[in-house]
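Chemist: Requesting a structural model of the entry that follows:
(2 chains)
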Amino acid sequence: MNFIALSYWDIGLASLLLVFNAGLSWRLRLGLEKRLVVAGTRMVVQLTLVGLVLKALFAVTSPLFTGFAAVVMVLFAGREAMARQERRFEGFWSYGIGTGSMMAAGTIVTVFALTTQIHADPWYDPRFTIPILGMILGNTMNGVSLGLDRLVSGAHQQRPAIEAQLMLGAEAPEAMRGIIRDAMRAALIPTINSMSATGLVALPGMMTGQILAGVEPVEAVKYQILIMFLIGGGTGLGSFAAVLSGARRLTDSRHRLRLDRLTAKTDS
Amino acid sequence: MLKIRHLTRPGLEPVDLELAEGQCTALSGPSGAGKSILMRAIADLDPNEGEVSLNGRSRESIPAPSWRRQVVYVPAEAGWWADRVGGHFPDPDIAAPLMMRLGLSAEALEWEVARLSTGEKQRLALTRALLASPQVLLLDEPTSGLDPDAAAKVETMLHERLADGAAIMLVTHDTKQAQRMASKHLRMEAGALTPLPGPGDVQGAG
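Modeler: As a prediction, the model looks like this:
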């Protein structure tokens, strides 16, 4: 492969673009210069650390360390998905539903891909496990947070309609069917849209990266297609699990709508 | 028929009450006193404590959906889950005669819910509830948005249900209606239920 290694000088040169933006912001009094610099610095520090962690992980190829890294990634994704909710479930559930669903979906799809399509040896080789899990989690996280957000806001807005069905003797899953459907749709539409537009509007980052690294375009495309399927599968599974668990938590064994299990709306 | 012992939940002092077959119980009291909370608790729509039984069978032994088909609560403002009126009636052919008796045209089944008036909504919500022939009706101001003529139709229909052996709890601010309909009068204030003097002496209930 004929990929061109970058020097620190090259990276520094590219960072001048951000410095230019910060200068523009200062000149136009947009008040964004500080945030631009902080975000840029965070990006550099975080990615450098990740690079070091990955280097160490790849060097040992231990199932234990790889598993640990995967768990940390899932926990961060769970926190992020929770932070995006306007209304949350009370207590542990706000974190548990999203994290549990992503853990399940991420594990199933990653292991499926590694053992049957990618044939990594050993199957848990962190060089494959971590990037694939990362891509699946990043997208599943979006689906899960969109789905849960729509579910919870739907339960709030459509409380009279849901309870009207319960009052007439409907079972909870039947009364919740409408908002479950809306929530699943909200969770999956970004994935569907990105599949439709990919290649026409934008070249996916992973494929671009492989091409820059010297991989044949056709091979890079094959990888990208595989990843898109994995992302679609992970997002669907994760969102489905999160929305159904959320709907269950919003009702109880006496078929009541339990909005008291939600916290008040947050400002963010 | 319906026996309630120590029914309580936040906002509701323990309630002991019996609704007998063929009997209508009127419930009055200021807004926010807990009348709807009580009715929702009886229908088991919110977590609550206490013993409730229907014809000797405890509520816990009956699955919640079938409990609510027998003890149906009709709130003052009903919810609608379909765009069209007909979408709320599993069998429009059975609904139509009942609707017509309440002064609604059968064409209303084709209407959009969004264009219904308050009074039309109230009567449709009542129709929806009556179709399942519940044994107990918990009605929250069922005629508040109706003209006297339509209100009289509703009362006639409710009298028939009473004659058939149903029990009704009726929230009303209309003292005259309470007198026409109910043989027992209760007042709720700050979450506590108190009996009022018998019929003919109910003017003070306001």
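
Chemist: Hmm, B:Pro14 is touching B:Ile4, no?
Modeler: No: judged on CB atoms under 8 Å, B:Pro14 makes no contact with B:Ile4 at a distance of 9.6 Å. Quick note: C-beta positions are derived from backbone N, CA and C, even for glycine.

Chemist: Find the residues that touch each one of the two.
Modeler: B:Gly50 (CB atoms under 8 Å, 6 or more residues apart in numbering or on different chains).

Chemist: These two: which is more packed in?
Modeler: The residue with more neighbours, out of B:Pro14 and B:Ile4 and counting by other CB atoms under 10 Å in any protein chain shown, is B:Ile4; that gives 20 against 15.

Chemist: State whether the more buried one is indeed within a helix.
Modeler: No: with DSSP: H, G, I helix; E, B strand; the rest coil as the criterion, B:Ile4 is strand rather than part of a helix.

Chemist: List the beta-bridge partners for it.
Modeler: Applying DSSP bridges to B:Ile4 gives these bridge partners: B:Leu17, B:Val52.

Chemist: does it really touch B:Asp16, like I thought?
Modeler: Yes: the criterion here is CB under 8 Å, and B:Ile4 meets it with B:Asp16 at 6.4 Å.

Chemist: for the chain, which spans come out with low pLDDT?
Modeler: You didn't say which chain, so I picked chain A. Residues of chain A meeting the criterion pLDDT under 70: A:1-2, A:266-268.

Chemist: um, chain B though
Modeler: Using pLDDT under 70, chain B drops low at B:198-206.

Chemist: Try it again at 90.
Modeler: B:90-93, B:106, B:132, B:145, B:194-206 (pLDDT under 90).

Chemist: Can you pull the residues of it lying near chain A?
Modeler: By CB under 8 Å from any CB of the partner chain, the residues of chain B that approach chain A are B:43-47, B:63-66, B:68-69, B:72-75, B:77-81, B:125, B:128-129, B:132.

Chemist: Just the buried ones from those?
Modeler: The neighbour-count test (16 or more other CB atoms under 10 Å in any protein chain shown) marks B:43-46, B:64-65, B:68-69, B:72-75, B:78-81, B:125, B:128-129 as buried among the residues of chain B next to chain A.

Chemist: and those, which of them are in helices?
Modeler: B:64-65, B:68-69, B:125, B:128-129 (DSSP state H).

Chemist: Can you name the residues that contact residue 146?
Modeler: As the question left the chain open, I've gone with chain A. Neighbour list for A:Leu146: A:186-187, A:190, A:239 [criterion: CB under 8 Å, 6+ apart].

Chemist: try chain B instead
Modeler: B:Leu146 makes contact with B:119, B:122-123, B:154, according to CB under 8 Å, 6+ apart.

Chemist: wait, which of the residues you listed is closest to chain A?
Modeler: The nearest member of the contacts of B:Leu146 to chain A, counting by CB to the nearest CB, is B:Gln122 at 13.0 Å.

Chemist: Spatially nearest residue to the closest one (excluding sequence neighbours)?
Modeler: Nearest residue to B:Gln122 in three dimensions, chain neighbours excluded: B:Gly145, at 5.3 Å (CB to CB, 6 or more residues apart in numbering or on different chains).

Chemist: how many neighbours does A:Gly147 have?
Modeler: By other CB under 10 Å, the residues close to A:Gly147 number 30.

Chemist: What distance do you get for B:Trp111 to B:Thr175?
Modeler: According to CB to CB, to the nearest Å, B:Trp111 stands 34 Å off from B:Thr175.

Chemist: can you list contacts of stretch A:183-197?
Modeler: A:139, A:142-144, A:146-151, A:154, A:228, A:231-232, A:235-236, A:239-240, A:242-243, A:246-247.

Chemist: Give me the most central residue, chain B.
Modeler: Nearest to the mean C-alpha position of chain B, by CA atoms, centre = their mean, lies B:Leu139 at 1.6 Å.

Chemist: Name whatever forms a beta bridge with that one.
Modeler: B:Val74, B:Leu170.

Chemist: so what's it up against?
Modeler: B:Leu139 touches B:74, B:126, B:158, B:168-171, counting by CB under 8 Å, 6+ apart.

Chemist: and it, how far is that from B:Gln177?
Modeler: Shown here: B:Leu139 relative to B:Gln177, a distance of 11 Å by CB to CB.

Chemist: list residues touching both of these two?
Modeler: Jointly contacting B:Leu139 and B:Gln177 under the rule CB under 8 Å, 6+ apart are B:Leu170.

Chemist: Helices of chain B, start to end?
Modeler: Counting by DSSP H, residue ranges of the helices within chain B are B:35-42, B:64-70, B:92-101, B:118-130, B:148-163, B:175-181.

Chemist: Out of those, flag the one nearest A:Gly169.
Modeler: helix B:64-70 (3.6 Å; CB to CB).

Chemist: helices or strands up against that closest one?
Modeler: If you count contacts as 3 or more CB pairs under 8 Å, 6 or more residues apart in numbering or on different chains; DSSP states H and E, helix B:64-70 packs onto helix A:159-167.

Chemist: Give the buried residues for the helix it packs on.
Modeler: A:161-167.

Chemist: Take those and write them to a markdown table, including distance to chain B.
Modeler: Converted to a markdown table, the buried residues of helix A:159-167 look like this (distance: CB to the nearest CB, whole Å):
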| residue | distance to chain B |
| --- | --- |
| A:Ala161 | 4 |
| A:Ile162 | 7 |
| A:Glu163 | 6 |
| A:Ala164 | 3 |
| A:Gln165 | 6 |
| A:Leu166 | 7 |
| A:Met167 | 5 |
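
Chemist: May I ask which two of these are separated the most?
Modeler: Counting by CB to CB, the most remote pair of the buried residues of helix A:159-167 is A:Ala161 and A:Met167, 10.9 Å apart.

Chemist: Need the three-state assignment for A:Gln85.
Modeler: Assigned by three-state DSSP, the conformation of A:Gln85 is coil.

Chemist: OK, now which residue of chain B is nearest to chain A?
Modeler: Distance from chain A to each residue of chain B (CB to the nearest CB) is smallest for B:Gly79, at 3.0 Å.

Chemist: Please tell me I have it right and that residue contacts A:Ala161.
Modeler: Yes: look at B:Gly79 against A:Ala161 with CB under 8 Å: they come within range, at 4.3 Å.

Chemist: Quick one: the helices in chain A, in order.
Modeler: Ranges of helices within chain A are A:8-27, A:33-60, A:63-83, A:93-113, A:126-157, A:159-167, A:172-197, A:205-212, A:217-249, based on DSSP H.

Chemist: Need those helices in a markdown table (columns: distance to B:Pro197).
Modeler: Formatted as a markdown table, those follow (distance: least, CB to CB, whole Å):
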| stretch | distance to B:Pro197 |
| --- | --- |
| helix A:8-27 | 77 |
| helix A:33-60 | 71 |
| helix A:63-83 | 56 |
| helix A:93-113 | 50 |
| helix A:126-157 | 43 |
| helix A:159-167 | 32 |
| helix A:172-197 | 41 |
| helix A:205-212 | 79 |
| helix A:217-249 | 47 |
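
Chemist: distance of the closest residue to B:Gly191 other than its chain neighbours from A:Ile11?
Modeler: Leaving out its chain neighbours, the residue that sits closest to B:Gly191 by CB to CB, 6+ apart is B:Gly34, at 4.2 Å. Noted for B:Gly34: a distance of 67 Å to A:Ile11, by CB to CB.
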